[in-house]
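K.L.:
Generate a structure from the sequence data that follows.
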Amino acid sequence: MKYAWIAKHVQLWPVAKLCRTLKVSASGFKAWRGGGKRSTQRLSDAQLLVAIHAIHAKLKGAPMDPRACMRSCASAATVWARRGSSV
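P.N.:
Residues are numbered from 1 along each chain as shown. The predicted model follows:
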């Protein structure tokens, strides 16, 4: 019921403000609006774990110069973004 009300008033106020006012999550509203289907672009927990281990193995024992650190951080951010989360 709350999500339907938010959908009706989204043209008047920002989603974040409506969700805060009704004490619901914006991500929950977006999932409801999308039919409650999980994104197929998201990584599963197992896929995320494999990516984390690969990044860790690549860096293990390597001296960390600033460029290598930036590449690793960029790689981790890409993995995290595919997970559907913010860094």
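K.L.:
C-alpha only now, for contacts and for neighbours.
P.N.:
Will do.
K.L.:
Quick one: neighbours of Gly28, just the number.
P.N.:
For Gly28, the neighbour count with other CA atoms under 10 Å is 13.
K.L.:
and if you look at Tyr3?
P.N.:
Quick note: Tyr3 (other CA under 10 Å) scores 19 neighbours.
K.L.:
do Trp32 as well
P.N.:
14.
K.L.:
Name the nearest residue to it, ignoring sequence neighbours.
P.N.:
Tyr3 (7.3 Å; CA to CA, 6 or more residues apart in numbering).
K.L.:
From Ile52, how far off is that neighbour?
P.N.:
35 Å (CA to CA, to the nearest Å).
K.L.:
sorry, back to before: mind pulling up the pLDDT for the residue nearest to Trp32?
P.N.:
Model confidence at Tyr3, expressed as pLDDT, equals 89.
K.L.:
just checking, it touches Phe29?
P.N.:
Yes: with contacts counted by CA atoms under 8 Å, Tyr3 reaches Phe29, the gap being 5.8 Å.
K.L.:
quick one: the strands in the protein?
P.N.:
Applying DSSP state E to the chain gives no strands.
K.L.:
for it, what are the low-confidence residue spans?
P.N.:
Filtered on pLDDT under 70, the chain yields the residue ranges 36-43, 61-87.
K.L.:
Break the protein down into its domains, please.
P.N.:
Listed domain ranges for the chain are 2-33, 45-83 (source: automatic domain parsing).
K.L.:
which residue ranges form the helices in this structure?
P.N.:
2-9, 15-22, 26-33, 45-59, 66-83 (DSSP state H).
K.L.:
What residues of the third one count as buried?
P.N.:
Judged by neighbour count using 16 or more other CA atoms under 10 Å, the buried positions of helix 26-33 are 26, 29.
K.L.:
Determine the angle, from 0 to 180 degrees, between it and helix 2-9.
P.N.:
With axes from the mean of the first three to the mean of the last three CA atoms, to 10 degrees defining the directions, helix 26-33 sits at 80 degrees from helix 2-9.
K.L.:
Tabulate the CA atom coordinates of helix 26-33 in PDB.
P.N.:
Taking C-alpha atoms only, helix 26-33 is exported to PDB below (Å, rounded to 0.1, in the frame of the first residue of the first chain):
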ATOM      1  CA  ALA A  26      14.100   3.200  -1.500                       C
ATOM      2  CA  SER A  27      15.600   0.000  -2.700                       C
ATOM      3  CA  GLY A  28      12.500  -1.900  -1.600                       C
ATOM      4  CA  PHE A  29      10.300   0.600  -3.500                       C
ATOM      5  CA  LYS A  30      12.500   0.200  -6.600                       C
ATOM      6  CA  ALA A  31      12.300  -3.600  -6.300                       C
ATOM      7  CA  TRP A  32       8.500  -3.400  -6.000                       C
ATOM      8  CA  ARG A  33       8.300  -1.100  -9.000                       C
END
